[in-house]
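# For reference, the sequence and a predicted model appear below.
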Protein chains: 2
Amino acid sequence: MLPSDTQLISVDDHVIEHANVWTDRLPTRFVADGPRVITDDKGHDIWHFAGGKHVNIGLNAVAGRPKEEFDMEPTSFSDMIPGCYDPVQRVRDMDLDGIQAQMCFPSFPGFAGTKFAQAADKDLATACVIAYNDWMIDEWCGSAPDRLIPLVLVPFWDVPASVAEIERTAAKGAKAISFPESPSNLGFASFHSDEWDPLLAAAQATQMPLCMHFGTGGAPATSPGAPFAVAIALFGMNSQFTTTELLFSPMFRKFPDLKVAMSEGGIGWIPYVLERCDYTWDRHRHYQNLELKVPPSEIFRGHIYGCFISDAAGLENIDLIGEDSIMWECDYPHSDSNWPDARGMLEKSLVDVPDDTARKIAETNARELFHFTGGR
Amino acid sequence: MLPSDTQLISVDDHVIEHANVWTDRLPTRFVADGPRVITDDKGHDIWHFAGGKHVNIGLNAVAGRPKEEFDMEPTSFSDMIPGCYDPVQRVRDMDLDGIQAQMCFPSFPGFAGTKFAQAADKDLATACVIAYNDWMIDEWCGSAPDRLIPLVLVPFWDVPASVAEIERTAAKGAKAISFPESPSNLGFASFHSDEWDPLLAAAQATQMPLCMHFGTGGAPATSPGAPFAVAIALFGMNSQFTTTELLFSPMFRKFPDLKVAMSEGGIGWIPYVLERCDYTWDRHRHYQNLELKVPPSEIFRGHIYGCFISDAAGLENIDLIGEDSIMWECDYPHSDSNWPDARGMLEKSLVDVPDDTARKIAETNARELFHFTGGR
């Protein structure tokens, strides 16, 4: 059972950036080409950047609405509750649901800043990352440092600039890095290459885990005629894919203190994936000359964290996953969130779990991984 | 515990076609262009068909070898134990391991006959399917009808011809149909279309389940530099994909008595996938106007069967999957098989499972699904 004094730490929520995040902060030479909001003739607030238009889709800002009213339609700031974009209101919404702290991913930039990579001017793209990070650390989390945990972006299209940004943001309090779950899907090097090594070394040195949110490597490719529900149901397969890729990659041999969170990936698949990876390793490592000398499940524990919103199958198999490898997410203000009843639903789902384990999952695993002490 | 009098039925094994399967049976006008084996100067027996060369890769015929000797290298008939291609020897190998019956997928044609689709002459392609089916039913299974369960191919590139072949083979004893897990990946219609309806109606009418073997929709796309182990570990994701696609498709509403087996897909992921599909259905069905009126997990049970070789995570969660929805596989002569200790390993894995449930998984679910009474 979840002890009543547990301070819930949610490791995956989302900000909706307010309209002035970049216009307020970009160096003057970039302001004209930086992200800006223009309200169209239907009243939709649309982000304009790098020749493209980007809406805040409705599903990503439905906090507090009955699910019968969920919709994909573009939405404007006035359609959302203020907790979406205002950190003071956000903390009030967290108070309503008994949540101590949360870590937020971006919205318009993509959960790992992949939209910035679309800019032809990579100096502009990097400046956009820096502006976002300053806003996230100084304005968003700065308004309530005991309640909001800074997650930063990196200009992953430029490894030296990423190293510099990791060091800069770590020095001003950042706790984690959002990184694409499948960079090779985006046209960059895979996790099997050495190209990311300086970036990974900087993440390890600053003790900042990489949070790989599902969807940052693209949406699951479904077949013609499939309802969108199929893709939604399959998003967690991205996290299975990335987990398997990482376990057979050299990443954790090269950087043994590096940690990765599979944000919003769910946990119910972990027992199957670990067993399947071990079975594969046992049978196929000889002729493939795999450098991996221990079963992949041993690499998993201590390096990769599963994250869930609601996952009964996973919570029935904590022993197969590892109680130290699981963290909880609220996902405010998205459609998969249970806010403002997230704590109540989490308590119900942990009713048969030993108190110590429940507290690890809901609070202390996240505190340790992200070195976050706010509220204690 | 598995009762000692359980007659094991394995629902996924493989034949290696002998060199004369097609030359013996194709109509005279097709023999010259039909599949034929030519031994190359390295001693490898190579299938030639439709302008392409196709090897029996080593991993697919390693039965009885220590895993330290597994290899991808092409292999010749003389490298294999005779049970790979000789049904009399196959039954002896089954006797060595206490296996009553098995159902075999093809090798050279692809597990669902997809290589035949590469022939420009679709009449030739269809004739190849018919010849395979006659060989499978008459020669392979005909040699031991109580021990070998006929699984047939369909010329899926031609729906009316598929209907005819389903009816023809059902009349001569076929029990199941091998069908691609993701036809749209192969350039054909998806499961969300109506194009397969006559074929599905014929399968339903003849009470032949569709067996969708993992890999028949292509191998998982891994990232550059990934060892082949990653793809091997991820093959079961194909089955998760197809299960999710089918649950949200109209297939089982249109054909309520149709059944599908996810061959070699494993079972440990099923609790997660069913829960995730239900969660998606609960939250997203309103604005998407999904025609599905019950939770996807209700569609799963009674329509889709999970199949495993070795899957501890699945067997710890039989209650979440459904004891009527699980079948066992030996996978002889492939590298994932535990033959000649398959029965021993299955017994160990079922030691804590109630006897009635263990018997269902190891024997009676398969007997009922495939209407197979051999040995009883």
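Here it is on my side, so go on.

# what are the ranges of the strands in the stretch 201-350 of chain A?
A:210-211, A:260-262, A:304-308, A:326-328 (DSSP state E, counting those that start in this stretch).

# Quickly check: the first one near chain B or not.
When you say that, I think you mean strand A:210-211. No: legend: contact between strand A:210-211 and chain B by CB under 8 Å from any CB of the partner chain is lacking; minimum distance shown is 15.9 Å. C-betas here are computed from N, CA, C, even on glycine.

# What helices and strands are in contact with that strand?
Here strand A:210-211 touches strand A:176-178, strand A:260-262, going by 3 or more CB pairs under 8 Å, 6 or more residues apart in numbering or on different chains; DSSP states H and E.

# Just put the strands of the stretch 201-350 of chain A in JSON lines and tack on mean neighbour count and distance to residue A:129.
Formatted as JSON lines, the strands of the stretch 201-350 of chain A follow (neighbours: other CB atoms under 10 Å in any protein chain shown; distance: least, CB to CB, whole Å):
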{"stretch": "strand A:210-211", "mean neighbour count": "27", "distance to residue A:129": "15"}
{"stretch": "strand A:260-262", "mean neighbour count": "27", "distance to residue A:129": "20"}
{"stretch": "strand A:304-308", "mean neighbour count": "26", "distance to residue A:129": "23"}
{"stretch": "strand A:326-328", "mean neighbour count": "26", "distance to residue A:129": "25"}
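
# one step back: so which of the helices and strands packed on strand A:210-211 comes closest to chain B?
Chain B lies closest to strand A:260-262 among the helices and strands packed on strand A:210-211, at 13.0 Å (CB to the nearest CB).

# That closest one and chain B, are they touching?
No: with CB under 8 Å from any CB as the criterion, chain B is not reached by strand A:260-262; the gap is at least 13.0 Å.

# Likewise for stretch A:66-82?
Yes: for stretch A:66-82, a contact with chain B is found by CB under 8 Å from any CB, at A:67, A:68, A:69, A:70, A:71, A:72.

# ditto for stretch A:343-357
No: Stretch A:343-357 does not reach chain B (CB under 8 Å from any CB); its nearest approach is 11.3 Å.

# before we move on, the earlier item: for ChimeraX, write the select line for the buried members of the residues of stretch A:66-82 next to chain B.
To isolate the buried subset of the residues of stretch A:66-82 next to chain B in ChimeraX, counting by 16 or more other CB atoms under 10 Å in any protein chain shown, use the following:
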select /A:70,71
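
# okay if I get the helices and strands packed on strand A:210-211 as JSON lines plus mean pLDDT and distance to residue B:349?
Below are the helices and strands packed on strand A:210-211 laid out as JSON lines (pLDDT from 0 to 100; distance: least, CB to CB, whole Å):
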{"stretch": "strand A:176-178", "mean pLDDT": "98", "distance to residue B:349": "39"}
{"stretch": "strand A:260-262", "mean pLDDT": "98", "distance to residue B:349": "28"}
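
# Output those strands as JSON lines; include the columns distance to residue B:130.
Converted to JSON lines, these look like this (distance: least, CB to CB, whole Å):
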{"stretch": "strand A:176-178", "distance to residue B:130": "55"}
{"stretch": "strand A:260-262", "distance to residue B:130": "48"}
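
# closest one to residue B:303 among the ones you listed?
Of all those, it is strand A:260-262 that lies closest to residue B:303, at 30.2 Å by CB to CB.
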